[in-house]
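Chemist: A structural model of the following input is requested.
(chains A and B)
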Protein chains: 2
Amino acid sequence: MKTQKFVYDFSQGEASQKSLLGGKGANLCEMTRMEIPVPPGFVVTTDACHAFLDNEKQFPAGMWAEVEKHLKTLEKTMGKTLGDPKDPLLVSIRSGAPISMPGMMDTVLNLGLNDKTVEGLAKITDNPTFAYDSYRRFLQMFANVVLGLEGSLFEKAITAHKKKVGKKEDTDLSADDWKVLAEEFQTIIKKESGAPFPQEPEKQLERSVRAVFESWLNPRAIRYRRINRISDDLGTAVNVQAMVFGNMGDQSGTGVAFTRNPSTGEKKLFGEFLLNAQGEDVVAGIRTPRDIQELDNVSSKVFAQFKDIAEKLETHFHDMQDLEFTIQQGKLFLLQTRTGKRSAAADLKIAIDMVEEGLIDKKEAVLRVSPDSLDKLLHPQIAPGVKRDVLAKGLPASPGAAVGQIVFTADRAESLAAKGKKVILVRHETSPDDIHGMFAAEGILTSCGGMTSHAAVVARGMGKPCVAGAGSISIDEDTGKMTIGKDTFSEGDDLTLDGASGEVLRGACKTKKPTLSGNFQTILDWAEELTPSFRVRTNADTPDDSAKAREFGAKGIGLCRTEHMFFAPERIRVVQEMILSQTEKQREKALAKLLPFQKEDFIGIFNAMDGLPVTIRLLDPPLHEFLPHEKKDIAELAQSFDLKESEVRSLVSSLQEQNPMLGHRGCRLLITHPEVARMQARAIVEAACECHKKGIKALPEIMIPLVGAVAEFTVLREEIEQVVDSVFAEQKTTVPVKIGTMIEIPRACLIADKIAEHADFFSFGTNDLTQMTFGYSRDDAGKFLPYYVSERILSDDPFQTLDQEGVGQLIVQAVEKARTVKPDLKIGICGEHGGDPSSIEFCFHQDFQYVSCSPFRVPVARVAAAQSHLRKFG
Amino acid sequence: MKTQKFVYDFSQGEASQKSLLGGKGANLCEMTRMEIPVPPGFVVTTDACHAFLDNEKQFPAGMWAEVEKHLKTLEKTMGKTLGDPKDPLLVSIRSGAPISMPGMMDTVLNLGLNDKTVEGLAKITDNPTFAYDSYRRFLQMFANVVLGLEGSLFEKAITAHKKKVGKKEDTDLSADDWKVLAEEFQTIIKKESGAPFPQEPEKQLERSVRAVFESWLNPRAIRYRRINRISDDLGTAVNVQAMVFGNMGDQSGTGVAFTRNPSTGEKKLFGEFLLNAQGEDVVAGIRTPRDIQELDNVSSKVFAQFKDIAEKLETHFHDMQDLEFTIQQGKLFLLQTRTGKRSAAADLKIAIDMVEEGLIDKKEAVLRVSPDSLDKLLHPQIAPGVKRDVLAKGLPASPGAAVGQIVFTADRAESLAAKGKKVILVRHETSPDDIHGMFAAEGILTSCGGMTSHAAVVARGMGKPCVAGAGSISIDEDTGKMTIGKDTFSEGDDLTLDGASGEVLRGACKTKKPTLSGNFQTILDWAEELTPSFRVRTNADTPDDSAKAREFGAKGIGLCRTEHMFFAPERIRVVQEMILSQTEKQREKALAKLLPFQKEDFIGIFNAMDGLPVTIRLLDPPLHEFLPHEKKDIAELAQSFDLKESEVRSLVSSLQEQNPMLGHRGCRLLITHPEVARMQARAIVEAACECHKKGIKALPEIMIPLVGAVAEFTVLREEIEQVVDSVFAEQKTTVPVKIGTMIEIPRACLIADKIAEHADFFSFGTNDLTQMTFGYSRDDAGKFLPYYVSERILSDDPFQTLDQEGVGQLIVQAVEKARTVKPDLKIGICGEHGGDPSSIEFCFHQDFQYVSCSPFRVPVARVAAAQSHLRKFG
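Modeler: Alright, predicted model coming up:
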């Protein structure tokens, strides 16, 4: 049996071995191989970590012997020996997981110091202050990160000592002061941990390696992984590296730098450094670091070398790098390189610049930009550096920052906005009655509801920021107060929403406008160029939205919800008249009044989408959504139609439903009220014919919602076809009309072959399909879904990211069944998932012809679709 | 190419050819083959009908030639010729579908008469009155059933003629009178149908055959088929048969008889006859028919022959027969035999008697009883012959008849019942708050809700009659009035419900008590004996229900709903205390108070089910179901817990859900409130251990509801296992405890393999699974589901009969997936479908180990399960 190798010298590994050596270790190896000056060292692998954690915290057999062997090599290379009282080797211990992960044990510096070696270090450096300061730092770090003692214990001792000796700053303390403190620290360690500080360097090393492994399972690390969806199976590696010192005088220093500006993307070294300092001094912020460019003044040779290395690394890794370095007595060492984090704008600029520089090709550029960071560019953000006083956190339901005064009703939102005030509409949950207020508001905040609640869906459609389901907010509509913890807010109080993070912030924060640039368009153009066939459509209900979506590159409408057209004040009354009708004749009269409104909308939409397909969903919501529920409003409604209040009340109550989501709506309503379907079909086809006569190419696709039984589709298809034929005869022209259905009921997936026989297209309505497959109401799931996601009962919120395990199975079954009957059936998706990159990838793999999403999400979807294509076909 | 045969002589067919020859025709053939005297004739097949209807109402090629050929044979046999003015052959034309089907054209008698042949008939019979009466009857029938003219046109003419000639009764009219009327009838026919009455007998025949075929598609027939779920594809045959006359003097007569008493099952000829009469005279009820036994007095020879034939037919068909006969001048002819309809009690008695008589075996007896007629025997019925003034019709939600005074609230129901009044609880829909009122009431009537609405499910569980979703009833709870059409009802008004038909009847109808007999038990014993392994369990929540179900033969509990235990007054307060708790400690204190209640229930149930498995579902409904919603009740609740009313109101409102069906309930609630699961698990296991110590064999199966993700199950399983271990340690004993899940979420079916890895059993909760797979709320579907079923958009109400096409597919997938992982996984069903015969058959074919249904449904399910077994394995 071949013995497993648990330890790699920096010269033995390479960048591609991140899962074995961790990100930090793999890149240290790569730099070593590139002959970039890196202090020598070795990596204990993640395999060793797994073995350790799986085997009751025993190092795997042979591992420690390997460590000792590599230590010997390191001692030889450095010409120093660990524990040598005259010239001790000192090492740093750093954890390094395959994915960068704060929350684990991070770093122990100066390991190898003890009561004896510290003296040798003092002598050999001729700097006892440095030596004893290093020693006490080591004691402090070891106590804190290895033994888990509170850092404040040691800070208190330092403060007490300074008081005693009458000194103010740490830098005022002498070698003797630090020596006394180092002794005191050891006393504290013994008292608090119950065991003396290990003087033996090898013991120190063993304890530290063990601590790094154990830190993989500390609660902070687990929590971080849960939040960031990082697998618990990765494990961490340990990097053991010879110490170099940036605090050995004025020819020494330490710093960090990005190879390009991480905020703007500008191609210029960006960073800062401190002379005569250790890394932690930069972090502590006691001294103000200097701009990296000034290093040229300190040592043009070192700066030139550093610039050279930076460029070499960027070219090597084909990406902007984030570097850490130390200069020890004029000699430059790189301590880390990694792909640099950057702003959304920089992300775009760097990708495009690198194409121009020939570093990467267009495909790589398109693959590299993060669709979500693109999304940020389309919406205002809270200005960087603004202090964020977070009052509550809800779901990031619609991105962008919004600032305004609190209002609690849609009517107030509208009237204050009309006076030029900026308002934030705060509701328990919104309903179709609130649309005018949502339109008037800068942003929407709800205490209930999930990512696909009414507020969230409508806000995203409008491109307005929304924080949904902020459960810690309590709203008392009667008194007009909102309570968060102990704070109470009233109408007029300022509030800021960050729809991208879901945060609710106190007061009016400064915001930054969207920074749309030519780079944005460039990436979209490349995406388009590289993926010719897969289409992104939009969910749009108005001519304006349609035009906007087309600007963003939408290739048609995937979902036009006709009911949204019914809520304008002059229309809702007619809709109510229709619902309150007591005879067929009255009803048809009311419908006849609605026809011109609908037709006008469709003409506008066909105009905006000239030459592109427009999928129009027939009436979907239950009738009660169009009626008022408050006593006052019911009375008013009764009066305006000259009906008894009790009659109207009784009608409203008879239309009420226990579970409206599963009620009398969609095709169920159209089947019991076929006159509605006929009116809508007539409006669509008349509009299309009129457009056609004016030379506008209208391509209507009539979509029947909520089909779960074949006859639901065939009965309505027949009704619609009759209308289509009549309109063609009346108008003396024809247009291509498709009649298809939304697949959004689990049963529809199960009988998809039978439906496909009769349908011209399928559009998966994954919102409802997700609701029914999981049995989750999107309006109510806020009470448990966030907990489910944070506790990993579900890996993702299925309303944000399509659940491929369950819902996806139904979709795959439906697609397979349908294609056995109609291989060329046009299939798309119009749920909110149509804008989510991983869901788009799924649709792409099912050979969907298109995805559809809200206008503001179209660019993101286009890039995500292109990335799916490139990942599949290269 | 072999020519298709479209016409069969009675001597050419047999009973097994019902689908080709229709039920009536096939049996006429069979009797002919048995040499029973049947007037000769022939059958035109259903194939001819199909060809006719498919080919624009053209007879298929060759068919009419065959008819003519068979007519010739018939003429030869009878020695008479159609249209012979001296001695005309007369024939009857009768439709006959494979399944007996009123609503089609039925019978034309005396075909072959015209202005000439009527004179020949008068002469040859020497009875002009008979001849002209027969002629006018033929004209009338032909006009009505072939030409579609109103019967009243002719009745009016008769009335006018009687007035004119000063006669009172039809029997007073002379040959001349009838002759005049026959002329007058022809004038009416010409005027109303636009064409003269066809004098040519062959034309009469052709028109009649055509009319029978066409009648297959008349609206009444279509409607009948829809209601009775008969396929439109069957088509009808036509029987052409030589006429015999029961009105040719005192040696002639006509009658109907059953071979056994259809009401009691007694083995004695049962029926009636009229001398000197035609069949329609019996139906018209002008003369009072005589008991069949009196025929012995008229002609002991004929009676002996008839008894002999009756017995021969019963023995031949192995079932009780319904016979029609005519005696023409002392000669007996059988005109029809078919399986006789019978009461539920007779059904049982006949099946058992026939086993004793050796006519059939036990298997056949079990297969023959209708599970639904058994069901009727378990509930009171409206007494036969009672006049039914039907006010409204709802869904037949729970069988049995109930009579009582109307009350509109559960509290009134309880207080009036306490005073000894019988009440009917009338509600829009019931909720858990109404349980005490439902318990006190004789029956329940709701205006909303479907077959599995709260009212329906609870009523069936209680064995109480319920009519649900009677949409034409309008209830105004404020004024305490119920309106049906123009009638208004108040508290105290008498009302009768027929839960088996869904009818709501005016006033207090007389009812008949259930007639449970030893026969019932015999059939159940045979069912048991023949199907040893498949089990029927019961859904029961109390010791009483459990005991009752066991009496009915339940082999354990398949679903014990723990929440129903929470609604008793002394308990609901503690539940509310738990919900209103603001700290973990308060909550646990409240739960500790609930524990003894739960434990006591379980001890009672384990006692009743000693030695049989008891599946207990942990808390399923959302918390808001336990809180009041009325302002007054909220205030009271706040006061009793010393809380601010606004706090309680705000809690109640924060727990409200848009779609409670899809909300925070089941395992979702248990995961966010694990202390509830722990308390319930503890109550179950402590109860089981205590029973065990007393020698009672408790077999608890803890069922986690609403699982849709694997981790939901595993997280809760771990919680429960910890409790189980603790209780075992405390009690110093162990009992077998299974932990499984309800499969009721579509997603659970899709990932059933993954869940099966961890679960000890699956129980399909087909109520919720149906709701979610269809996207129907069972409480709201009443608005469209009845229409869907009547219009055949769905073949059945999926809440009554399991939808095998959709929901069944998910179940099959789940079973297959689960069994790949655990071939022996225990699988059952506990939805309402567990009591429906066709759903039981489906479960049987999926190799379920058991079905579970309400106690009163257990006998039906046992018989249905036995029938499934016998159909599969013989």
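
Chemist: where does chain A have low pLDDT?
Modeler: Chain A contains residues with pLDDT under 70 at A:1-2, A:103, A:227, A:280-286, A:452, A:515-516.

Chemist: one more pass at 50, please.
Modeler: Scanning chain A for pLDDT under 50 picks out the ranges A:1.

Chemist: can you pull up the most central residue in it?
Modeler: residue A:372 (6.4 Å; CA atoms, centre = their mean).

Chemist: surely it meets residue A:860?
Modeler: Yes - using CB atoms under 8 Å, residue A:372 is in contact with residue A:860, at 7.1 Å. (Each C-beta comes from the backbone N, C-alpha and C, glycine too.)

Chemist: okay, and the common contacts of the two?
Modeler: In the contact map built from CB atoms under 8 Å, 6 or more residues apart in numbering or on different chains, the residues linked to both residue A:372 and residue A:860 are residue A:837.

Chemist: what's opposite residue A:617 in the beta bridge?
Modeler: Note on residue A:617: beta-bridge partners residue A:561, residue A:703, judged by DSSP bridges.

Chemist: and it, what does it touch?
Modeler: The contact partners of residue A:617, by CB under 8 Å, 6+ apart, come to A:559-562, A:703-705, A:742.

Chemist: next, count neighbours for residue A:547.
Modeler: Residue A:547: 18 surrounding residues under other CB atoms under 10 Å in any protein chain shown.

Chemist: surely it is in a helix?
Modeler: Yes - counting by DSSP: H, G, I helix; E, B strand; the rest coil, residue A:547 is found in a helix.

Chemist: list the residues that contact it.
Modeler: With contacts defined as CB under 8 Å, 6+ apart, residue A:547 is in contact with residue A:608.

Chemist: okay, now the sheet partners of the helix or strand hosting residue A:392, with direction.
Modeler: According to DSSP states H and E, residue A:392 maps onto strand A:390-393. Sheet pairing of strand A:390-393 (DSSP bridges) gives strand A:503-506 (antiparallel).

Chemist: determine how far the partner strand lies from the middle of the whole chain.
Modeler: Centre-to-centre, strand A:503-506 and its host chain are 18 Å apart (CA atoms, centre = their mean, to the nearest Å).

Chemist: and if you look at stretch A:603-611?
Modeler: Taking the mean of its C-alpha atoms, stretch A:603-611 sits 34 Å from the chain's own mean (CA atoms, centre = their mean).

Chemist: from residue A:13, how far off is residue A:231?
Modeler: Distance of residue A:231 to residue A:13, given as CB to CB, to the nearest Å: 22 Å.

Chemist: now residue A:490
Modeler: Distance of residue A:490 to residue A:13, given as CB to CB: 61 Å.

Chemist: the two: which is more packed in?
Modeler: A direct count of neighbours by other CB under 10 Å for residue A:490 and residue A:13 places residue A:13 higher, at 25 against 12.

Chemist: can you tell me how far the spatially closest residue to the more buried one that is not a sequence neighbour sits from residue A:317?
Modeler: Nearest residue to residue A:13, sequence neighbours excluded (CB to CB, 6 or more residues apart in numbering or on different chains): residue A:29, at 3.3 Å. Using CB to CB, residue A:29 is found at 13 Å from residue A:317.

Chemist: which residues do the two both contact?
Modeler: Common neighbours of residue A:29 and residue A:317 (criterion: CB under 8 Å, 6+ apart): residue A:15.

Chemist: who's more crowded, these two?
Modeler: Neighbours were tallied for residue A:29 and for residue A:317 using other CB under 10 Å; the higher tally belongs to residue A:29 (26 against 17).

Chemist: wouldn't that one be in contact with residue A:14 here?
Modeler: Yes - counting by CB under 8 Å, residue A:29 does reach residue A:14; the two are 5.6 Å apart.

Chemist: name the element the nearest residue to residue A:874 once chain neighbours are set aside belongs to?
Modeler: Here the nearest residue to residue A:874 in space, its sequence neighbours aside, is residue A:363; by CB to CB, 6+ apart that works out to 7.6 Å. Assessed by DSSP H and E, residue A:363 sits inside helix A:362-368.

Chemist: what about stretch A:269-289, how long is it end to end?
Modeler: Stretch A:269-289 has an end-to-end distance of 15 Å (criterion: CA to CA, to the nearest Å).

Chemist: look up phi and psi at the residue nearest to the centre of chain A.
Modeler: Backbone torsions for residue A:372, taken as degrees, to the nearest 10, come to phi -70, psi -30.

Chemist: what parts of the stretch 701-850 of chain A come near chain B?
Modeler: Residues of the stretch 701-850 of chain A lying near chain B by CB under 8 Å from any CB of the partner chain: A:706, A:708-709, A:711-712, A:715, A:744-747, A:750-751, A:768, A:771-777, A:779-781, A:783-784, A:787-788, A:791-794, A:803, A:805-807, A:809-810.

Chemist: list the helices and strands the helix or strand following the strand holding residue A:392 packs on?
Modeler: Following strand A:390-393 in sequence order, the next helix or strand is strand A:395-398 (DSSP H and E). Secondary-structure packing of strand A:395-398 (3 or more CB pairs under 8 Å, 6 or more residues apart in numbering or on different chains; DSSP states H and E): helix A:454-462, strand A:466-468.

Chemist: mind giving me the packing neighbours of the longest helix belonging to chain A?
Modeler: Secondary structure of chain A per DSSP state H: the longest helix is helix A:584-608. Contacts defined by 3+ CB pairs under 8 Å, 6+ apart place helix A:584-608 against helix A:543-551, helix A:569-580, strand A:613-617, helix A:674-693.

Chemist: the longest one close to chain B?
Modeler: No - using CB under 8 Å from any CB as the criterion, no contacts between helix A:674-693 and chain B are found, and the smallest distance is 11.4 Å.

Chemist: now that helix: buried residues?
Modeler: Neighbour counts over helix A:674-693 (16 or more other CB atoms under 10 Å in any protein chain shown) mark A:675-692 as buried.

Chemist: cool, and the first one?
Modeler: Using 16+ other CB under 10 Å as the test for burial, helix A:543-551 gives A:543, A:545-550.

Chemist: pull the CA atoms of stretch A:327-337 into CSV?
Modeler: Taking Å, rounded to 0.1, in the frame of the first residue of the first chain, the C-alpha atoms of stretch A:327-337 are listed here in CSV:
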residue,chain,number,x,y,z
ILE,A,327,10.3,43.7,3.0
GLN,A,328,12.9,42.4,5.4
GLN,A,329,16.0,44.6,5.5
GLY,A,330,15.6,45.5,1.9
LYS,A,331,14.6,42.1,0.7
LEU,A,332,11.1,41.6,-0.8
PHE,A,333,9.0,38.6,0.0
LEU,A,334,5.5,37.8,-1.3
LEU,A,335,3.4,36.2,1.4
GLN,A,336,0.2,35.7,-0.5
THR,A,337,-1.5,36.1,-3.9
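
Chemist: what are the contacting residues of the host helix or strand of residue A:863?
Modeler: Assigned by DSSP H and E, residue A:863 falls within helix A:858-873. Residues from elsewhere that reach helix A:858-873, judged by CB under 8 Å, 6+ apart: A:363, A:366-367, A:369, A:371-372, A:374-375, A:378, A:520, A:523-524, A:526-528, A:530-531, A:534, A:536, A:538, A:549, A:552-554, A:834-837, A:840-841, A:844-845, A:851, A:853.

Chemist: show me which of those residues are buried.
Modeler: The neighbour count (16+ other CB under 10 Å) marks A:363, A:366-367, A:369, A:371, A:374-375, A:378, A:520, A:523-524, A:526-528, A:530-531, A:534, A:536, A:538, A:549, A:552-554, A:834-837, A:840-841, A:844, A:851, A:853 as buried among these.

Chemist: among those residues, name the ones in strands.
Modeler: A:536, A:538, A:851, A:853 (DSSP state E).
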